[in-house]
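*Asks:* need the 3D shape of this:
(chains A and B)
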Amino acid sequence: MATTPVRVRFAPSPTGPLHIGGVRTALYNYLFARQHGGQFIFRIEDTDSTRFVPGAEEYILEAFRWLGLSFDEGVTFGGDKGPYRQSERRHIYKVYVQQLLDSGKAYLAFDTPEELAAAREATPNFQYDARTRGRMRNSLTLPAEEVERLVEAGEKYVVRFRIEPGEDVVVHDLIRGDVRINSSVLDDKVLYKAADELPTYHLANIVDDHLMEVTHVIRGEEWLPSAPLHVLLYRAFGWEDTMPQFAHLPLLLKPDGKGKLSKRDGDRLGFPVFPLEWKDPVTGDVSRGYREDGYLPEAVINFLALLGWNPGTEQEILSLQELVEQFDLAKCSKAGAKFDYVKGTWFNHEYILSKSDAELTPAFLDILRAEGIDATEERARAVVGLMKSRVNFVKELWPLCRFFFVAPTDYDEKTRKKRWKEQSPAQMRELVGVLAALDDFSIEAQEAAVHAWIERQGYKMGDVMNAWRLTLVGEGKGPGMFDISAFLGKQETLARMERALEALQ
RNA sequence: GGCGCUUUCGUCUAGCGGCUAGGACACAUGCCUCUCACGCAUGGAACACGGGUUCGAUUCCCGUAGGCGCUACCA
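*Replies:* Numbers count the residues shown, from 1 in each chain, chains lettered A, B, ... in the order given. You can find the predicted model right below:
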C-alpha cells in the first residue's frame, strides 16, 4: 500500500464554467500529486446527457492552462487507462452493472417518475430502501416473467443498489477522521439508467476510480454524505482492499450571509467566481473571470491555496513550488471558509510588486492602446516602474497614470484652492526660467538646479513643488515631481507650465 | 424533518492540557514626504454556551445552540 504510486484525479462535469471552488479542489489534488511524485488525471464526468454544455470542457482545460496546473493523464492528455470521458465508457459500466445484478446486489426498478412522486407524496420522508422497496415495482417484487417482459418491451428501467440496512459504515477521511453512518439511512441509489444507457455519478465514479487505479479521492465536502455509499459499492465489487483514501475538503462560502459561494454573490459583490470569463451559450450572459479581471495566475493560486489550508507558519506568500513542498491534507481546516475576495486583491498586489516592470508592461501597453495612447515600450515601462506599487491590478494604473500621457486641460478645484497661492504665478514663471536654462533634463540635474534656486530665493519647498504639480498633473497626486518632469521632458514640461499659468492666472 | 460535518478577532487562520491566545486581510492612528499612494510602526478586535474529565481547559468527552452540506433517473 505504501509503495503504491499516488494517483489522483480531477473530474468535473462539463455543465458550465468551472467554479472557483472546483479550481481549489483541483489545486489541492495537483499539489498532492506533485508532492508525492504521482499522477494527476483529468476525467470528464458527463453521465448526465441532459446537462451537457458545449464549450465547457474546452473552457476547463483553458483555465488550467492559464493557472499553470498540468495533468499527466486524461482527456486530451492521453494515458493507458482511457477513455477518460465517461460518455465513452458505456460498454465498461454495462459489464459492472451486470456483475452487481448477477450477484443480487442490485436490482431493476420500473417505477415511473410519476409513481415515485406519488410514493413521496403518500409517505412522509419517503426513501427508496429496504423498508419500501417491497411495495414498489421492481425485480424484487415482480414475477421474473413480468420483469423479462418489461425489459423486452423496452421499458425505461433503472438499476438500483440494494443496500442492506442496519450496518454501521465507517469512512476514514484524511481530514476528518472516521465518519460513521448507518446504512439504514441510505437509500437504494440509482446506479444506471436504461433510458440513456449511462450510469449515474456513483457507479461511474467507483468503477472509474478503480480501473484508473486512483489512490486518493480529494473532493468537496458535499460528497461526504455519499461516501458510505461509495464504500459499500467498493465492497460489493470486492475492491475494498484497493479502495482509495478519502479527503473531503471544506466548502467555499458566501463572503457575507449564508450558504455556499455562488455566481450570484460575485455579481452582487463585484468579484469573479470563475477563473476565466464565460459566455453562456444559451442566454448569452457573460460572467467575469479572474484572468480578464487582471489577476495574475500565481496570485489566484496562492489565494485559493490558503482558503482552507495553511502551512502552519506565518508565511503567506507561497509559490506553486513552495505549495507543492509544504501542502499537507492533515493541515486542512474542517469548517467552510467564507470567500474573502478582498484578500484576493491583496495577493494580486503582492504578486504585482514581485513582477519586474518589463513583465507588467505588455498588459499596460494594451490598456494604453485601448485608450488611444501611442506610447513606446520604454516609456510605458518607465511609468509601470514609477506606479506599480500603488495598485492591486495593472488596469488600475491608467486612471493614476493618465497625466503622464495626456496634458491636463482643467485643474482640480480643491487642489487649486489649497496649492495655488498668491505667489505661485510668479514662482512658476521663475521656475520656467530655471528649467529652460537646463541642458541636462535628468532627474538629478533638475533636482540640483531647482533646490538651489528655492534655497537662493528663500522659498518654501512645499509651496513650489505643490504649485508645480498642479501645472503638470492638474491635481494633487502622483509620484515625485522630478520623476514626472523628467519623464515628460523639457519641452512638454515647459509647455504644460505655460498653459497652466495662462489658465490659472 | 432525517442524516452527517462543523464552531478561535469583522474575514482567512496558528494553537494539538499550563501562551500577555500568534500572524495576515480589512479598519484606525502615527511616521516617512513636494502631493497622492506605497512602505513602515502602533492600536482596537476572538476561544458560541452549559456540563463534565483534570491540579489545570481554547485544547479531551458529552449536551445545547448556531453554521454548512446531503437527502434526484444532478454531479
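
*Asks:* which stretches in the stretch 101-250 of chain A count as strands?
*Replies:* For the stretch 101-250 of chain A, the strands defined by DSSP state E, counting those that start in this stretch cover A:106-109, A:158-161, A:168-173, A:177-182, A:190-193, A:198-199, A:216-220, A:245-249.

*Asks:* so where's chain A uncertain?
*Replies:* A:1-3 (pLDDT under 70).

*Asks:* number of nearby residues for the residue of chain A found nearest RNA strand B?
*Replies:* Residue nearest to RNA strand B within chain A: A:K258 (2.4 Å; Cβ to the nearest atom of the strand). C-beta coordinates here come from the backbone N, C-alpha and C atoms, glycine included. Neighbour count for A:K258, taken as other Cβ atoms under 10 Å: 6.

*Asks:* up against RNA strand B, what does the stretch 351-500 of chain A have?
*Replies:* By the rule Cβ under 7 Å from any atom of the strand, the part of the stretch 351-500 of chain A lying against RNA strand B is A:389-390, A:461-462, A:465-466, A:469, A:476-482.

*Asks:* make a markdown table from the residues you listed and add neighbour count and distance to A:I218 to it.
*Replies:* Formatted as a markdown table, those follow (neighbours: other Cβ atoms under 10 Å; distance: Cβ to Cβ, whole Å):
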| residue | neighbour count | distance to A:I218 |
| --- | --- | --- |
| A:S389 | 10 | 37 |
| A:R390 | 15 | 39 |
| A:M461 | 11 | 60 |
| A:G462 | 9 | 59 |
| A:M465 | 18 | 58 |
| A:N466 | 18 | 58 |
| A:R469 | 21 | 55 |
| A:G476 | 14 | 53 |
| A:K477 | 12 | 48 |
| A:G478 | 19 | 48 |
| A:P479 | 18 | 47 |
| A:G480 | 13 | 50 |
| A:M481 | 20 | 55 |
| A:F482 | 20 | 55 |
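
*Asks:* list the contacts of A:L323.
*Replies:* Neighbouring residues of A:L323 by Cβ atoms under 8 Å, 6 or more residues apart in numbering: A:31, A:301-302, A:305.

*Asks:* sitting in helices, which of those do you find?
*Replies:* Per DSSP state H, helices hold the following members of these: A:31, A:301-302, A:305.

*Asks:* could you identify the most distant pair in the residues you listed?
*Replies:* A:L31 and A:N302 (11.9 Å; Cβ to Cβ).

*Asks:* between those two, which has more neighbouring residues?
*Replies:* Taking neighbours as other Cβ under 10 Å, A:L31 and A:N302 compare with A:L31 leading, 25 against 22.

*Asks:* the closest residue in space to the more buried one that isn't next to it in sequence - how many residues pack around it?
*Replies:* By the measure of Cβ to Cβ, 6 or more residues apart in numbering, the closest residue to A:L31 outside its immediate chain neighbours is A:F327, 4.0 Å from it. For A:F327, the neighbour count with other Cβ under 10 Å is 20.

*Asks:* now for A:F327: which residues touch it?
*Replies:* Contact partners of A:F327, counting by Cβ under 8 Å, 6+ apart, are A:28, A:31-32, A:35, A:305, A:309.

*Asks:* residues contacting A:L318?
*Replies:* A:302, A:305-306, A:311, A:326.

*Asks:* try A:V53
*Replies:* For A:V53, the contact set (Cβ under 8 Å, 6+ apart) comprises A:14-16, A:281.

*Asks:* out of these, who's near RNA strand B?
*Replies:* Within the contacts of A:V53, those near RNA strand B by Cβ under 7 Å from any atom of the strand are A:T15.

*Asks:* and the residue lying closest to A:K193 once chain neighbours are set aside, what does it touch?
*Replies:* Excluding the flanking residues, the one nearest A:K193 by Cβ to Cβ, 6+ apart is A:V158, at 5.3 Å. Contacts for A:V158 (Cβ under 8 Å, 6+ apart) come out as A:108-109, A:190-195.

*Asks:* ditto for A:K388
*Replies:* For A:K388, the contact set (Cβ under 8 Å, 6+ apart) comprises A:352-353, A:355, A:357, A:360, A:394, A:397.

*Asks:* and the helices in the stretch 201-350 of chain A?
*Replies:* With DSSP state H, counting those that start in this stretch, the ranges of helices along the stretch 201-350 of chain A come out as A:201-211, A:227-237, A:263-269, A:297-305, A:320-326, A:341-354.

*Asks:* near RNA strand B, which residues of the stretch 51-200 of chain A are found?
*Replies:* Residues of the stretch 51-200 of chain A lying near RNA strand B (Cβ under 7 Å from any atom of the strand): A:51, A:111-113, A:116, A:125, A:127-128, A:156, A:158, A:176-177, A:179-182, A:185, A:187, A:190, A:193, A:195, A:198, A:200.

*Asks:* list only those of the residues you listed flagged as buried.
*Replies:* Taking 16 or more other Cβ atoms under 10 Å as the criterion, what is buried in these is A:111, A:127-128, A:158, A:176, A:179, A:181, A:187, A:190, A:193, A:198, A:200.

*Asks:* widest-spaced pair of these?
*Replies:* Farthest pair in those, by Cβ to Cβ: A:D111 and A:R176, 35.1 Å.

*Asks:* going by distance to A:R65, which of the contacts of A:V53 wins?
*Replies:* Distances from A:R65 to the contacts of A:V53, taken by Cβ to Cβ, are shortest for A:P14, at 16.3 Å.

*Asks:* isn't that closest one right up against A:S49?
*Replies:* No: between A:P14 and A:S49 there is no contact under Cβ atoms under 8 Å: 10.9 Å.

*Asks:* show me which of those two is the more surrounded one.
*Replies:* Set side by side, A:P14 and A:S49 show more neighbours around A:P14, with 22 against 12, by other Cβ under 10 Å.

*Asks:* now the nearest residue in space to the more buried one that is not next to it in sequence: phi and psi?
*Replies:* Of all residues not flanking A:P14 in the chain, A:A56 sits nearest, at 3.8 Å (Cβ to Cβ, 6+ apart). Taking degrees, to the nearest 10, you get phi -60, psi -40 for the backbone angles of A:A56.

*Asks:* grab the nearest non-local neighbour of A:L186.
*Replies:* A:I163 is the one closest to A:L186 (Cβ to Cβ, 6+ apart), at 5.1 Å.

*Asks:* surely that neighbour and A:L232 touch.
*Replies:* Yes: counting by Cβ under 8 Å, A:I163 touches A:L232, with 6.6 Å between them.

*Asks:* what do these two both touch?
*Replies:* Contact criterion Cβ under 8 Å, 6+ apart; residues shared by A:I163 and A:L232: A:183, A:186.

*Asks:* ok so, going back, can you tell me which of the contacts of A:L318 is nearest A:F71?
*Replies:* Ranked by distance to A:F71 (Cβ to Cβ), the contacts of A:L318 are led by A:A305 at 18.1 Å.

*Asks:* contacting residues for the closest one?
*Replies:* A:A305 sits in contact with A:24, A:27-28, A:31, A:318, A:323, A:327, where contact means Cβ under 8 Å, 6+ apart.

*Asks:* make CSV from those and add distance to RNA strand B to it.
*Replies:* CSV is the format used below for the contacts of A:A305 (distance: Cβ to the nearest atom of the strand, whole Å):
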residue, distance to RNA strand B
A:R24, 10
A:L27, 14
A:Y28, 12
A:L31, 16
A:L318, 12
A:L323, 14
A:F327, 13
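
*Asks:* got a markdown table for those, with distance to A:F40 too?
*Replies:* Shown next, in a markdown table, are these (distance: Cβ to Cβ, whole Å):
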| residue | distance to A:F40 |
| --- | --- |
| A:R24 | 15 |
| A:L27 | 11 |
| A:Y28 | 11 |
| A:L31 | 10 |
| A:L318 | 19 |
| A:L323 | 14 |
| A:F327 | 13 |
